[in-house]
Structure formats: C-alpha cells, structure tokens
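quick one: sequence plus predicted model below, questions after.
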Amino acid sequence: IVAGDECVYLYQPDERGPCFAFDGHKLLAHWHREQLSDGGTTSPSEKQILTIYDLDNKFIAYSASFDDIIDVLAEWGSFYILTRDGKMFVLQEKDTQTKLEMLFKKNLFVMAINLAKSQHLDSDGLSEIFRQYGDHLYVKGDHDGAIQQYIRTIRKLEPSYVIRKFLDAQRIHNLTAYLQALHRQSLANADHTTLLLNCYTKLKDSSKLEEFIKSSESEVHFDVEIAIKVLRQAGYHSHAVFLAERHQHHKWYLKIQLEDLKNYQEALRYIGRLPFDQAESNMKRYGKTLMHHVPDGTTLLLKGLCTDYQPSRDAMERDSLDKGPANSEEFISVFANNPRELRAFLEHMIEVEPFSSQGVYDTLLELRLQDWAHEQDSERKKVLQGAALSLLRSDNTVFDKALVLCQMHNFKEGVLYLYEKGKLYQQIMHYHMQNEEYGKVVEACKRYGDQEVCLWEQALGYFARKEEDCKAYISQVLEHIDQNNLMPPLLVVQTLAHNSTATLSVIKDYLINKLQRESQQIEDDERKIRQYREETAHLRAEIQELRSSAKIFQKTKCSMCNSPLELPSVHFLCNHSFHQHCFESYAESEAECPTCTPENRKVMDMLRAQDQKRDLHDHFTRQLRCSNDGFSVVADYFGRGVFNKLTLVTDPPGSKVGVGSLEADLQRDLLIHTKRNA
C-alpha cells in the first residue's frame, strides 16, 4: 500500500493493483479483510482522523478523530489504536444484520445488496432486501425500478403482494413485466395466466400476445386451456384457435370455429383429421350444426365414420389400434331436418352393411313411406311402393314398428304383408271388412281358411250384418261352409236372420243340400243298425252253439305253415289248427291262437279302456262330491284330458251308444271262449 496526499495505490507482488482517490495527508495506512484504514490530518495542529474504507462495497465503514495516534494494529477481527498518551482504543466490526439495518435506515439499498452479497447472505435474506428496496422505489414513484426489484423476489415473495400494488390501469405495463417473469420461471398459475393475457389485451399489444402464445412447446409455461378461454372472451379468436390447434385442444378449437368464427367448413375439415374416437365424439356433439350448414360434407364424413374411417393425410395423430366402425343408428338424430341426406346415408349403410341395426331399417322405411305418401306421380309412386315393400321383405325391420309406420301412412300393401307375415289372418280379413272390400274378404277366407276355419264363420256374420245386397258373396261363403261342414244349419239360419236383404232364396240351395245329406246319413245309419242286429244275432247263435254242442275240428292244413296237419296238433275254437311245433314257434301264449292274437289284443285294449273310464268316472264323481272347490277338480280333470272323446278304430261312423255297448259285450264273450283251446 502506497498512500499519497491525493491517492492510495495498491500493489500485488507481480503487478500494480487499483488506485483510490482519497484526498488528504496520510500518516499511516493498513489493510485488513478487504478494508483500508487510513490515519491522516490536514495540518499539524489538527487532530488526526482515522478512516476505515470498505473498498469492496465502496463506502466509509468508520471515521473518527484521535489525539496523536502512534499506530493502528489489526488483529483478532478488531482494530487497536495506540496514542502517545498511553491509551489504546479497540474498534470492533458490527455484525452484518446491524450493518444492513443501518443502511436500510439511510435508504442505501444498493450498498445493502452489495454488502449482503459479499457476506454470502442466503436467498431469503436477499429477497427481503429486494422487497424493501422495491417498496422504497414504489413509494418514491419509481415503478419501473420497483418492478425490477420485485422480479428479483420471485420464488420467495408471494406474487399477490406485488400484483395488488400494480393492478391500477396506469401501471399495467409494470404488472405485465412481472407476470411475464413469473411465466418464464414456470411459477404462474391459471389466475396469473388469465391476468397476463388480460394485460396484453388491455394494452392491445398484439406483438407481445403473439410472442406469448407462439412460443415453442418446450417454452410454454402456462395453462393452455385458461389462455384459450381468456383470448376467446377478449375477442382474440384467431389467437385462441391457433393455441387450441397447436396444443390439440379439439373441443375448444371446434367451439370457437363453430360458435364464434362460424367457419363450418374448416371445423369439418379439422374433425376429418382427428383419430376415430375424437372424430366420433365431436360429430355427436356438433353433427347437427355441421349438417345444417355443410350437409354434403357432413354426410360424407358420417358415411366414413360408420364404415371404414381413415383420418385425412394431414391427421394430427394415428390410432395405434384398429377401431370398429361407429354405430350408424346413433347419428340418425344428426339428420333431424335433412331428410334427403338422411335417406342417402341410410341407403349407403344398408348397401355397405346389410346387417345394420334394426333402427337403420326402421328409419329408412319411415322415410320411404313419407315419400310414397306425398308423391303425386303414379309411376313414381309405384317405384316408391316397391322400395318400401322390398325393405319390409328384408326381415330386418322390427315388426311392431313397421306395422305402426305402415298404418300411420295408410300403406295398405305393407299392412297386409305384415299381417300375413305375422299369421294374423283375422286382421287381414278385418282390414278388408273395414274398407268394405267384399271380394277381398272372400279371397282372404279362401286363402287362409285352412289355417283358421273361423274366418268363414266371421265372413258369414259380416255379410249378414250388411244391409247391402251381398247375396253373391253369401252364396260363396255358404257353399264352402256346406262343403266342409263348418257350421250347424241352425246357426247359419240364425246368423243370416240379421240381414234384412237376405231372403230364403239365398239359403235355399244350402238347406236343400243339408237336408238331403242328413236324410242320406239317416238311411246309412239305419242300414248299419240292421247290419249290426244281424251280426249280433249271428254271434249270439254261434256263442250258444259253442256253449251247448260239441265242436268238430275239420281243418286238414296248418294255419301257420299251410302244410297238411300231422299229430300232435293244436286246435282252437276259432277254427284255426296248427302243428305242435308251429304253435310252439309262433305262439306268444299257450292259451291264445297266434292268428287271432292281434285282433284279440285290440279288443282287450278297448275293454280295458272302457273299464278304466268307468272307474275314473266313479272316482271323479266321488272327488267332486267331497271337494270344497269343485271348479278346481273339474279344471284338473280337463287338464289331464279325461273329458276328451274316446275314439275306437272299430267304431263305425255315426254309431249309437247302445249298439257299441252291445258289440262290446259280444266281443268279451267271444274272447273268453276263444281262449279255450282244444
């Protein structure tokens, strides 16, 4: 250290150091811990002034006058001052916090900052100094300087502390600078982003706004969705769209394009670039709007979605997995006010995918029926009728819905086809009855009468209630009823009695034929009665002969092998004879004739059935008498088929009960005597 009257020079061992301009006569100079102590005076009569300089921070750390200083020593962190009067003064350095407080009181914040840095104060301490410095500048009105100090407090000072100070519109540019710094350090939340964008819009600083939203994706330090909302609300739609497209916020992109910019074509193009799932969901959300403004393009995109969707070449991303086609039925509501496009869409679907859902076929049927109902040209109407019928015949429509649609549009051919398909033959006839199509009523009876016999009876009742002249149709119905014996004559007469126009001539032929047939039946029954009486008398005579006289066996041939009989032989009262070995080979029982066994078994089965029925009747009567709920007993027996008519193959048609019982008694007697072998 070389101290002169004007300057103090510092030297290193190998070079010259800095020079400091300290005016005055120097008596001594010392260096200690980056501090220079200088003792000097301006004249011999004056006291000596000791000054300690903090050269790093460039301020005077201490200055005082002493009497006749001999020397200044620096040891153990203190200065020792020796004077000629034998006194020693000790100067101890204050701690850093005390120094800072002293600087704060004098508003020497720059020195305080330098001091804190030289003392390696921690970041919290520095931030507090920056805050106080910023507050000082803010009070002085230096808002630009204050915001720079507040920016240095980021990460330590709560942003709301600064934001509240600069919310005034006059200082919005300072607030913008602070918020930008927050975003650069990725410390901004949604509110900060909203506030910054509002600042840009208030300042109308489009360049800064574009720079903010067009920063590279790696430099994005804000909530993109919040930014889009703020820009949209402020009317910066193009900026919001850019941000939404760049960061693939599909929902916001489409919402702004459709609701704000009304750019329907661009929105449709954008959806066509999306992956399948996104395209499907957005078409469900915005399909109606797009269909209203871009019907052809929207229909084309929906056809692709529901068949084999492939995003456009400039697609944003590709699906890693193959996705199945969308359900076409879910998009039918999109075509609410566009029947032409809906028809084209549905026809395309059933052409490409014949097994489309039933809703597709039902909707297409409804459209075709509407076209058919409103068409005035007869040729075109026939074509539309054929198209609707072909759809019904495809068997892909729901029966109930298709029937309701056909009835709503008065589509006669479709209604009749569905009735026939559902085997609702009575409905077919009633349909013709309601429309007074007499010929169709008879035709329906002829066509479906074999499946439902009651159609003829209903047709007769229908014509009988008509006051018009329906004699020709009544005659046709009566002819069929007569041929197939479908109704009792009395019921026919009672039915036709309701028609005031029907005269006896209408049923004259029917009654004559019926009476002739009944007379013929009576004659046949009387002839059979005489025949049965003769047979009965013959059987009784034969039984009496078997009971009272000897039986002579005169058969010479075996009834089984037709060879001459040889002893030993077996003879039966039924006049059948067998060789012993033939009988043993073919007989099922030693007591029965092998030839008569099948017929005897039928008779036995018949007798057992009659006995069982007689026993069952007694049991039924007894159970009915003892039961508290007679209806349940009858219903139970009906369910078991007890009251069904027993038909025997041996009963001749129209036989009377007495004759059947007599024949059964004779057969029982014959069977008993047949069992007796010779």
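Noted; the coordinates are in hand. Numbers count the residues shown, from 1 in each chain.

the longest helix seen in the chain - what's its average pLDDT?
Scanning the chain for the longest helix, with DSSP state H as the assignment, gives helix 504-548. Mean per-residue pLDDT for helix 504-548: 86.

pLDDT wise, what is the residue nearest to the spatial centre of the chain at?
The residue lying closest to the centre of the chain (CA atoms, centre = their mean) is residue 330, at 8.9 Å. As predicted, residue 330 sits at a pLDDT of 89.

now for the residue nearest to it when sequence neighbours are not counted, how many residues are close by?
With CB to CB, 6 or more residues apart in numbering as the criterion, residue 330 has its nearest non-adjacent residue at 6.8 Å, and that residue is residue 284. Backbone N, C-alpha and C define where each C-beta goes, glycine included. Residues within reach of residue 284, counting by other CB atoms under 10 Å, total 15.

residue 284 and residue 262, how far apart?
21 Å (CB to CB, to the nearest Å).

so who does the closest residue to residue 110 other than its chain neighbours touch?
Among residues not flanking residue 110 along the chain, residue 133 sits closest, at 7.9 Å (CB to CB, 6+ apart). Applying CB atoms under 8 Å, 6 or more residues apart in numbering to residue 133 gives the contacts 109, 110, 112, 113, 149.

which of these count as buried?
For the contacts of residue 133, a neighbour count by 16 or more other CB atoms under 10 Å gives the buried set as 109, 112, 113, 149.

can I assume the last one is in contact with residue 140?
No. Shown here, residue 149 and residue 140 do not form a contact pair, counting by CB atoms under 8 Å, at 11.9 Å.

what's the helix or strand for the residue nearest to residue 330?
helix 276-293 (DSSP states H and E).

for the residue nearest to residue 330, give me its contacts.
330, 331, 334.

of those, which belong to strands?
Among the contacts of residue 284, no member falls in strands (criterion: DSSP state E).

of all these, which comes closest to residue 490?
residue 330 (62.8 Å; CB to CB).

please tell me how far the closest one sits from residue 306.
9 Å.

surely residue 373 meets residue 408?
No. Between residue 373 and residue 408 there is no contact under CB under 8 Å: 9.0 Å.

correct me if wrong, but residue 9 is in a helix.
No. Counting by DSSP: H, G, I helix; E, B strand; the rest coil, residue 9 falls outside a helix, being strand.

what's across from it in the sheet?
Per DSSP bridges, the residues bridged to residue 9 are residue 2, residue 19.

dump the residue contacts of it.
Residues in contact with residue 9, defined by CB under 8 Å, 6+ apart, are 1, 2, 3, 16, 17, 19.

write the PyMOL selection for whichever of those are buried.
Buried subset of the contacts of residue 9, written as a PyMOL selection, criterion 16+ other CB under 10 Å:
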select buried, resi 3
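
would you format the contacts of residue 9 as JSON lines with distance to residue 119 included?
Output for those, formatted as JSON lines (distance: CB to CB, whole Å):
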{"residue": "1", "distance to residue 119": "24"}
{"residue": "2", "distance to residue 119": "29"}
{"residue": "3", "distance to residue 119": "27"}
{"residue": "16", "distance to residue 119": "28"}
{"residue": "17", "distance to residue 119": "23"}
{"residue": "19", "distance to residue 119": "26"}
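
which pair in the contacts of residue 9 spans the largest distance?
Spatially, the most separated pair among the contacts of residue 9 is 3 and 16, at 14.7 Å (CB to CB).

list the buried residues in the helix holding residue 284.
Of all the residues in helix 276-293, those buried under the rule 16+ other CB under 10 Å are 276, 278, 279, 280, 282, 283, 286, 287, 288, 289, 290, 291.

how close does the first one sit to residue 248?
Plainly put, residue 276 is 15 Å away from residue 248 if you go by CB to CB.

same check on the third one?
With the distance defined as CB to CB, residue 279 ends up 13 Å from residue 248.

same deal with the second one?
Taken as CB to CB, the spacing of residue 278 relative to residue 248 amounts to 9 Å.

can I see the domain layout of this structure?
Structural domains annotated on the chain: 2-93, 559-674, as defined by automatic domain parsing.

least reliable of these going by mean pLDDT?
Minimum mean pLDDT among those: domain 559-674, a mean of 68.

how far off centre is the helix or strand harbouring residue 428?
Residue 428 is part of helix 425-434 when elements are defined by DSSP H and E. Offset of helix 425-434 from its chain centre (CA atoms, centre = their mean, to the nearest Å): 40 Å.

ranges for the helices of the stretch 251-400 of the chain?
In the stretch 251-400 of the chain, the segments counted as helices under DSSP state H, counting those that start in this stretch are 264-272, 276-293, 295-305, 339-352, 358-374, 378-393, 399-408.

mind listing what's buried in stretch 406-418?
Quick answer for stretch 406-418 (16+ other CB under 10 Å): 406, 409, 411, 414, 415, 416, 417, 418.

now the helix or strand containing residue 182: mean pLDDT?
Using DSSP H and E, residue 182 falls within helix 172-184. Helix 172-184 shows a mean pLDDT of 89.

got the angle between the helix or strand just after it and helix 172-184?
Where DSSP H and E defines the elements, the next helix or strand beyond helix 172-184 is helix 190-203. With axes from the mean of the first three to the mean of the last three CA atoms, to 10 degrees applied, the angle from helix 190-203 to helix 172-184 works out at 140 degrees.

mind listing what's buried in helix 190-203?
Those would be 192, 193, 194, 195, 196, 197, 198, 199, 200, 201, for helix 190-203 by 16+ other CB under 10 Å.

ok, stretch 482-499 next?
Those would be 482, 486, 487, 489, 492, 495, 496, 499, for stretch 482-499 by 16+ other CB under 10 Å.

can you count the residues close to the closest residue in space to residue 296 that isn't next to it in sequence?
Among residues not flanking residue 296 along the chain, residue 341 sits closest, at 7.5 Å (CB to CB, 6+ apart). Residue 341 is flanked by 18 other residues according to other CB under 10 Å.

neighbours around residue 350, how many?
Residue 350 is flanked by 17 other residues according to other CB under 10 Å.

which residues does it contact?
By CB under 8 Å, 6+ apart, residue 350 lies in contact with 356, 360, 361, 364, 396.

look up how far residue 329 lies from residue 358.
Distance from residue 358 to residue 329, by CB to CB: 8 Å.

likewise for residue 356?
8 Å.

low-scoring stretches of the stretch 101-250 of the chain, by residue?
Across the stretch 101-250 of the chain, the ranges flagged by pLDDT under 70 are 169, 216-221.

all strands for it, in order.
Ranges of strands in the stretch 101-250 of the chain, per DSSP state E, counting those that start in this stretch: none exist.

helix, strand, or coil at residue 71?
strand.

state the distance from it to residue 461.
Distance from residue 71 to residue 461, by CB to CB: 148 Å.

look at residue 358 and residue 329 and report which has more neighbours.
The neighbour comparison of residue 358 against residue 329 (other CB under 10 Å) goes to residue 329, with 18 against 13.

hmm, back to that, look up the pLDDT of the residue nearest to residue 296 for me, please.
With respect to pLDDT, residue 341 scores 91.

heads up, I number from 40, so please use that
Yes, from this point I'll number from 40; that puts the last item at residue 380.

correct me if wrong: it contacts residue 330.
Yes. Here residue 380 reaches residue 330: they are 6.8 Å apart, a contact under CB under 8 Å.

what sits in contact with each of those two?
The contact sets of residue 380 and residue 330 overlap at 337, 338, 374 (CB under 8 Å, 6+ apart).

for those, pick the one with the most neighbours.
Within the shared contacts of residue 380 and residue 330, neighbour counts (other CB under 10 Å) peak at residue 337, which reaches 27 neighbours.

just the pLDDT at that residue, thanks.
Per-residue pLDDT puts residue 337 at 92.
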